[in-house]
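In: Prediction below, plus the sequence it came from.
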Number of protein chains: 2
Amino acid sequence: MMRKTQLSETARLLKRSVMRDLMKHAVDPQIISLAGGFPANDCIPVETFRASMDRVLTRDGYRALQYGPPYRPLREWLAAYMQQRGVQCEPEQVFITNGAQQGLAILSRLFCDPGDPAVIEAVTFTGVQQVTVGRRLATRTVATHLESGVEVEALEAAFRSEPRPRLAILIPNFHNPLGVSISLEKRQRIVELAARYEVPIVEDDPYSPLRFLGSAPPSMKALDTAERVFYIGSFSKMLAPAMRLGWIVAPKGVEDRVTVLRESIDLESSQLIQRAVFDFAHSGALESHLVQLNATNLRRRNAMLAALEQYLGPLGATWTKPEGGLFVWVTLPETIDSWDLFHRAIAKKVAFIPGAAFAVEGGFRNTMRLNFSNATEERLRDAVQRLAEAMEN
Amino acid sequence: MMRKTQLSETARLLKRSVMRDLMKHAVDPQIISLAGGFPANDCIPVETFRASMDRVLTRDGYRALQYGPPYRPLREWLAAYMQQRGVQCEPEQVFITNGAQQGLAILSRLFCDPGDPAVIEAVTFTGVQQVTVGRRLATRTVATHLESGVEVEALEAAFRSEPRPRLAILIPNFHNPLGVSISLEKRQRIVELAARYEVPIVEDDPYSPLRFLGSAPPSMKALDTAERVFYIGSFSKMLAPAMRLGWIVAPKGVEDRVTVLRESIDLESSQLIQRAVFDFAHSGALESHLVQLNATNLRRRNAMLAALEQYLGPLGATWTKPEGGLFVWVTLPETIDSWDLFHRAIAKKVAFIPGAAFAVEGGFRNTMRLNFSNATEERLRDAVQRLAEAMEN
């Protein structure tokens, strides 16, 4: 499946505003919300981060509050962190951003003018759509297999057609909203395609540190001998969203362009946040936080999958079985419209996001995204039971 | 003076890279730097801000580290702050940004497509140029009078010519780099012109809280009955740059568009920083900080003006006499090229920024920007004396 998108910008903005309404339900305390994309409130490491912040302000004084170049120790820590994951890179190739979304905004400006073709998945994170719509790119979409990730044949067709796409944005691990990861074999083929057709790949990877099962395949950036992959990481999910801190790993030779682009957007990232995040990571608090976070997420994921098996399986639903991240993607019988179901579910005090909200070109009306990270096992079980009741109404 | 700019993007980027080299001198401890645009290191309120940060993390817990909508108490505080300055606005009209630079980036995207005409001052902050160059706007420049601010006749000519400019960016108070403020009479005429020609004015105002002499004229936004003015403020200079926090005050009716644009760029500003800045402002610490900061800045400004009088006046230089902010603009005899002077000054261990670095269309080679806020009175006096020696070499 691959065709130019027809949705107008207005339609997209409307979709965003629907999303915002949905998110309001996500924070209504009366409702069990499976709608959010938030890390669990009860897993955010407030005390250890407060200690880092206090150390930085005590030790670094005004330097932590002044203008400054990207914080070198953080760039070095990130380069070492990426090297552990098989990516050979120097600190100079690591660019600090205000979260993964800004990484997308910067890379889309680096490669694309308005009207240029770009490849994204037909079902993808709304932030990816905001970038392609906001920059008025001519979107080509490719389907994603629910067990092995993006369809490589479709990707090649999109890369081959003229004019050549200026970039492709893919979510390799624990896809938002699908929960799937791209298989090792597909990663190798994608990197080969990027080299052959000279299409830069944006590897949008905020979730890989949230693996709780299985072993991590190498990132596409690690397989990227032709230097076509631009990696995006984020502290939002692995530490806390209010860091608003992420990073790009880029091939050598683009430093000046990325730096100037970044400066024109918002000058620089906060010295204070960069130093506090470095202190937190360097002190070992990040590692122990991730152990605890992923153990909690695994228990919650298991509780959700068990409840889906018990309550939604008999009603004909199927779902992805993620090895990490925050989301399960549920496919309902084709007769069920998840927008209708959403309203019935709200009446039963449970919220989710209809899958169609993530569908770039429409469709997917019988699907939904469920978040399992931000409720207790008991409430997750209750929520899925209520969903089943809403379906049977 | 008004013509379409001829400088290529490459030339501009080169200029930026020269600026970065200059800034390196600004942090060499051997050199007395008049080059920075930094608030004084010794005036940054580290301890009181640390107390605010600690209170927020103790009191608000995970909420301070989670995703969240723009922090309502901060929007309310900002609306009240703007009302004190004569601007009638609701909290819904206040948009939180990552500093003034992001305000410029958002408003330029709100109004302009690549190629659209935009009006800026012929000598202006490099961040303004980065936005117009980065967005490939067709820049029309207007001259600025060194005692009363932007030339209104030139502005009208720029507004009248077709195609109509899509926006104009003006710095009303303690101009960077010129140090001048726009007179009340000119403010009134500018707002009338904006209404008559339907050109949105971006009032880029990071410096107004840094007034140490005279009384503040109303902001253009306060005079703006036709709702053509978009105000940009920032905490970078009034509190600390690492806040990376600023705001836009916009007319009603653009909330959805501004919000979606902002989300596509980097989602949102840090809940943590928003809450800590609100705590700092609400507690009264901001007010007492500004009293102390401006007293220090005034002493330093006076020391610099006295030294200029003593050492550079006899050499034929003239300079602006700012009532606030961070900068004095010096005009040297026409025979002196301040790029050449810069190298001789560095040899004498003093740095400044040649005025040509701020000149959108070249020229101004006999000018320089001197920062007076980030050195002691004694060192400022030494620095100006060394500048005079460098001129006489």
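Out: Now that the structure is in, tell me what you want to look at. Numbers count the residues shown, from 1 in each chain, chains lettered A, B, ... in the order given.
In: For chain A, just list every one of the helices.
Out: Assigned by DSSP state H, the helices in chain A fall at A:9-27, A:46-60, A:72-84, A:99-111, A:126-134, A:152-160, A:184-197, A:255-266, A:271-282, A:285-307, A:338-347, A:377-392.
In: The fifth one close to chain B?
Out: Put plainly, it is helix A:126-134. Yes. With C-beta under 8 Å from any C-beta of the partner chain as the measure, helix A:126-134 is seen reaching chain B through A:127, A:130, A:131, A:133, A:134. For every residue, glycine as well, the C-beta is placed using N, CA and C.
In: In TSV, list the helices of chain A along with mean neighbour count.
Out: Listed next are the helices of chain A as TSV, based on neighbours: other C-beta atoms under 10 Å in any protein chain shown:
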stretch	mean neighbour count
helix A:9-27	15
helix A:46-60	18
helix A:72-84	17
helix A:99-111	25
helix A:126-134	24
helix A:152-160	19
helix A:184-197	18
helix A:255-266	19
helix A:271-282	24
helix A:285-307	18
helix A:338-347	17
helix A:377-392	19
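In: For the ones you listed, which has the smallest mean pLDDT value?
Out: Among the helices of chain A, helix A:9-27 carries the lowest mean pLDDT, at a mean of 56.
In: picking that back up, relative to residue B:180, which of the residues of helix A:126-134 next to chain B is nearest.
Out: Comparing these against residue B:180 with C-beta to C-beta places residue A:134 closest, at 36.3 Å.
In: From residue A:49, how far out is the closest residue to residue A:99 other than its chain neighbours?
Out: Distances taken as C-beta to C-beta, 6 or more residues apart in numbering or on different chains put residue A:246 closest to residue A:99, at 4.5 Å, once the chain neighbours are dropped. The spacing between residue A:246 and residue A:49, counted by C-beta to C-beta, to the nearest Å, is 17 Å.
In: what about the helices of chain A, which gets the closest to residue B:87?
Out: Closest to residue B:87 of the helices of chain A is helix A:255-266 (C-beta to C-beta; 23.6 Å).
In: Can you pull the residues of the stretch 1-150 of chain A lying near chain B?
Out: Counting by C-beta under 8 Å from any C-beta, the stretch 1-150 of chain A sits next to chain B at A:13, A:16-17, A:38-39, A:41-42, A:44, A:46, A:49-50, A:53-54, A:57-58, A:61-62, A:64-68, A:97-99, A:101-102, A:105, A:109, A:113-114, A:127, A:130-131, A:133-134.
In: mind running it again at 6 Å?
Out: Proximity of the stretch 1-150 of chain A to chain B (C-beta under 6 Å from any C-beta of the partner chain) is limited to residues A:13, A:16, A:38, A:41, A:44, A:46, A:50, A:53, A:57, A:61-62, A:65-67, A:98-99, A:101-102, A:105, A:130-131, A:134.
In: do the stretch 201-350 of chain A as well
Out: A:240-242, A:244, A:260, A:263-267, A:270-272.
In: before we move on, back to that, can you lay out the helices of chain A as TSV showing distance to residue B:149?
Out: Compiled in TSV, those are given as follows (distance: least, C-beta to C-beta, whole Å):
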stretch	distance to residue B:149
helix A:9-27	38
helix A:46-60	38
helix A:72-84	40
helix A:99-111	33
helix A:126-134	34
helix A:152-160	53
helix A:184-197	52
helix A:255-266	25
helix A:271-282	32
helix A:285-307	50
helix A:338-347	55
helix A:377-392	60
